[in-house]
Every structure is written in C-alpha cells, then in structure tokens.
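**Student:** Need coordinates for the below:
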Amino acid sequence: MQTLNRAFNPCKEDQLAKETRAEELRFRKVRQDEGKAGEWKPAADLWFAVKAAPGSQRSPSAPVSDDRPPCLSLIERNLSNAGFESFMPTYRIVVKHHRNKKLIERRFPIFTGYVFVNLPTQRFVSVEAVEGVGKLLKYRRAYGDAPEPFSFPQEVIDRLRYMVWEEDQKYLLEKALRMRQEEVDREMVEIKKAALRASRKIRNAPYSELAGGLNRSLRAPSSRALVMQTMDQLLKLG
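**Tutor:** Here you go, the predicted structure:
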C-alpha cells in the first residue's frame, strides 16, 4: 500500500526514495525465497536476451472492465510451452478501439524486439529453435574469438521485475479510480433521469390529486384534505 499511497504525496522526495529502495529489497528477497520449500529452482544468474521475431511480442487486447491478468504474447507462450522461464518487461495503456470506439487495454513490451530467458543449463540451441525467437545476443571477448551469449545478472532482472510491478500497481490504481468515476457518472445520469421522470409525473398529474413531493410533504391527513378541497374549488372556478 505504500507504493499506492505515494501517488498522492509528491513531496519528501528523499523519504520516498528510501521507501522505494526498501520495498525493492523486500521484493527481491521474496523473489529469492521462491521455490525453497521443496521445489528445485534453477540458477539465478544465467539470464540471456534473445531477439524476438516481428509480431511475436504482440499481446491480445482486452476490454477495460476485464479483471483477468493480461494475455501472454506468442513468444512468451512458446517459451513457456518449451519449458523455458522468460521475462518480457511490459506496460499497459488504455486506448479507443479504432472501429467501435470502445475503451480497450493494450499491453506493449518495454524493450521492443528483446525478451529475457533463464538458461541455467545453457540450452542455447534449444531456445533458438522456439518459434518467435530469432537469436541469442552474443558478444566477442577478444578480436578473432567466437561470439558468446551475453548473460545478465539476477540483480538486473529483479530490478526490472520490481519496476514492472510498481508501474503495474500505479496503472491498476488509475484504472480503479477511472472505473469508479464512470460508476459515479452513470449514477448521476440515473438520478437526473429519475428526477426528470418525477417532474413530468407531477406536471402531468391530475389537479385533483396530490402528486410528487407535495403528497410526501403534507403528512397530516387534515392538511391533505384541506388542500384537496381548495384545489377542487380552484378547478371549478377556473
């Protein structure tokens, strides 16, 4: 909740920076403890970047009102089905559909064309055979040497994971506020419609009846009877 509350406290930048760092350390500690209770966890420092084929990072869009987790892209699904742990940093935005003009949620990669893959056993050939994967990013140690895959430390991946999580929390907060505002707007429209219907009912009611707010305001039966008698006289004179 501290991450969400910071959206309403733009001051005290130093204190917020310390809180952010503390939350990041707690997030990374939870990440490190995953899988220790009986599950085998692969080595945590062998992450590699692969080039994604054009179109393989596209995620299906969804209605804004959909509370389900966002759908995975083609390359994420293929890597998961092949037994690889992948990480594609993404962000979400709300846009209007180009045909029906309805609001939809879109998910885009932060690093267009790149996906991180955990390869503790260095299965380079197997991961490059996955549909949607172009090639592993490699570098040369010295002139003339064969290029080797470049590995990213676990700390970099954890910091990226935390960044994506924090941005996602802010997005969900804005989404909840927007949906609540839409509910309030709809309620106000219904209230105005109800008031308009009541006003029409009062205007269209026979003059011999006490309709609308007048009938509710006159609580004493004698008062209502007196008003009705006076109304009858007015109608006869009119």
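**Student:** ok, the residue nearest to Trp47 when sequence neighbours are not counted - how many residues close by?
**Tutor:** Closest residue to Trp47 apart from its sequence neighbours, by Cβ to Cβ, 6 or more residues apart in numbering: Phe152 at 4.5 Å. (C-beta placed from N, C-alpha, C; glycine too.) Residues within reach of Phe152, counting by other Cβ atoms under 10 Å, total 17.
**Student:** and the end-to-end length of stretch 126-137?
**Tutor:** End-to-end distance of stretch 126-137: 15 Å, with Cα to Cα, to the nearest Å as the criterion.
**Student:** Now it: average pLDDT?
**Tutor:** The pLDDT scores in stretch 126-137 average 91.
**Student:** Mind listing residues that contact that stretch?
**Tutor:** Outside stretch 126-137, the residues that touch it by Cβ atoms under 8 Å, 6 or more residues apart in numbering are 48-53, 56, 74-75, 78-79, 82, 84, 114-115, 117, 119, 124, 149-150.
**Student:** ok, 6 Å please
**Tutor:** Under the criterion Cβ atoms under 6 Å, 6 or more residues apart in numbering, residues 48-51, 53, 56, 74-75, 78-79, 82, 84, 117, 124, 149-150 lie in contact with stretch 126-137.
**Student:** quick revisit: distance of the residue nearest to Trp47 relative to Val117?
**Tutor:** Noted for Phe152: a distance of 10 Å to Val117, by Cβ to Cβ, to the nearest Å.
**Student:** For the helix or strand harbouring Arg77, list every residue counted as buried.
**Tutor:** Element membership for Arg77, per DSSP states H and E: helix 74-81. Neighbour-count burial for helix 74-81, counted by 16 or more other Cβ atoms under 10 Å, picks out Leu74, Ile75, Glu76, Asn78, Leu79.
**Student:** Report the backbone C-alpha coordinates of stretch 51-71 in PDB.
**Tutor:** Provided in PDB are the C-alpha atoms of stretch 51-71 (Å, rounded to 0.1, in the frame of the first residue of the first chain):
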ATOM      1  CA  LYS A  51      15.900 -11.300 -30.300                       C
ATOM      2  CA  ALA A  52      12.100 -11.600 -30.900                       C
ATOM      3  CA  ALA A  53      10.700 -12.100 -34.300                       C
ATOM      4  CA  PRO A  54       8.500  -9.300 -35.600                       C
ATOM      5  CA  GLY A  55       4.900  -9.600 -34.300                       C
ATOM      6  CA  SER A  56       5.800 -12.300 -31.700                       C
ATOM      7  CA  GLN A  57       5.600  -9.800 -28.800                       C
ATOM      8  CA  ARG A  58       2.100  -8.600 -29.700                       C
ATOM      9  CA  SER A  59      -0.400  -9.400 -26.900                       C
ATOM     10  CA  PRO A  60      -4.200  -9.700 -27.400                       C
ATOM     11  CA  SER A  61      -6.200  -6.600 -26.300                       C
ATOM     12  CA  ALA A  62      -8.900  -6.900 -23.700                       C
ATOM     13  CA  PRO A  63     -11.900  -4.800 -22.500                       C
ATOM     14  CA  VAL A  64     -11.000  -2.300 -19.800                       C
ATOM     15  CA  SER A  65     -13.600  -3.900 -17.500                       C
ATOM     16  CA  ASP A  66     -11.800  -7.300 -17.700                       C
ATOM     17  CA  ASP A  67     -10.200  -8.000 -14.300                       C
ATOM     18  CA  ARG A  68      -8.300 -11.100 -15.500                       C
ATOM     19  CA  PRO A  69      -4.500 -11.000 -15.900                       C
ATOM     20  CA  PRO A  70      -3.300  -9.800 -19.300                       C
ATOM     21  CA  CYS A  71      -2.800 -12.400 -22.000                       C
END
